[in-house]
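1. Provide a 3D model corresponding to the input given below.
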Amino acid sequence: MRTMQICLLAAVLALVVPGSTAQRPGDLLGNLPPAGELSVAHYFPEHPDKQFPAGDIISVVVSGHNTGAKPMNLSAIVGSINSPEKYEMFIQNFTIGRYFAPLAPGAEASIEYKFRADPILGSTPAREFIVALHLFYEVEGSYFSTTFFNQTVDITEAPKLVDTDLIWLVGTLLAGLGAAGYFAFTKLSEKLGLNKGKAKKAKKAEGPVTIDEDDWVKGTHYEVQKRRRAAAAKKA
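-> Just a heads-up that it's a prediction; the model follows:
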């Protein structure tokens, strides 16, 4: 009996929520089962402001209270992103969350559902979309659903660990300041004649340095001997 119920639920979900995002308008909401005797509450623990960064995992906690006289089972949660201008236009379908959470009459249970907006939907400034979330539950072989969230939210751009645009901007600014500083220093050096002084010093240092040996030996014994050798060479 339980296997047959599970197969029937899978068949219902397959009709209600096709896996492809390229579905016909109305396939999701147009085939929802009616609401049953279940009171539903929800909250977003990490995004209470309804600002959903694109690409981030968004968690929602759903609590169900069986207000009927028959036991039921919380079976699945499905959701979608819809166009704010035309609700029937589906932008993205979320992955189906499947559960087995039995509820006796008067009992309560909480389940967590996670979904993720496609990163391509993120932008700065944030863009508005409608997010719709639906809880499916089963009572004695009959299936019901409750739309516990159907609101306009902001899909924002996910924060970056490294802002490459800012790094490029700062690098470009520093390069421009460096080039401007070098140009100003060159012009100032030309006006003050600093470059000419350097050129003159470099010119004095050019060419070989000659040493006059006679200046070193004047008045020494070596000079007397040198003259004698020169005189003897002339006589010969």
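2. give me the element K234 is part of.
-> helix 221-235 (DSSP states H and E).
3. just the CA atoms of that helix, as CSV, please.
-> Extracted C-alpha coordinates of helix 221-235, given in CSV (Å, rounded to 0.1, in the frame of the first residue of the first chain):
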residue,chain,number,x,y,z
HIS,A,221,117.7,60.2,-7.4
TYR,A,222,115.8,58.4,-10.1
GLU,A,223,115.7,61.7,-12.1
VAL,A,224,119.5,62.2,-11.9
GLN,A,225,120.1,58.6,-13.1
LYS,A,226,117.6,59.1,-15.9
ARG,A,227,119.4,62.3,-17.1
ARG,A,228,122.8,60.5,-17.1
ARG,A,229,121.4,57.7,-19.2
ALA,A,230,120.0,60.2,-21.7
ALA,A,231,123.4,62.0,-21.9
ALA,A,232,125.4,58.8,-22.4
ALA,A,233,123.0,57.8,-25.2
LYS,A,234,123.6,61.1,-27.1
LYS,A,235,127.4,60.6,-26.9
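4. list the helices and strands that helix packs on?
-> For helix 221-235, the packing partners by 3 or more Cβ pairs under 8 Å, 6 or more residues apart in numbering; DSSP states H and E come out as helix 213-217. Yep, even glycine has a C-beta here, placed from its N, CA and C like the rest.
5. give the next helix or strand downstream of the one helix or strand in the chain whose mean pLDDT sits lowest.
-> Ranked by mean pLDDT, DSSP states H and E, the weakest helix or strand in the chain is helix 2-16, scoring a mean of 39. Downstream of helix 2-16, the first helix or strand assigned by DSSP H and E is strand 38-43.
6. what packs against that next one?
-> strand 57-66, strand 127-139, strand 142-156.
7. would JSON lines of those strands with distance to G36 and mean neighbour count be doable?
-> Shown next, in JSON lines, are those (distance: least, Cβ to Cβ, whole Å; neighbours: other Cβ atoms under 10 Å):
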{"stretch": "strand 57-66", "distance to G36": "9", "mean neighbour count": "18"}
{"stretch": "strand 127-139", "distance to G36": "6", "mean neighbour count": "21"}
{"stretch": "strand 142-156", "distance to G36": "3", "mean neighbour count": "17"}
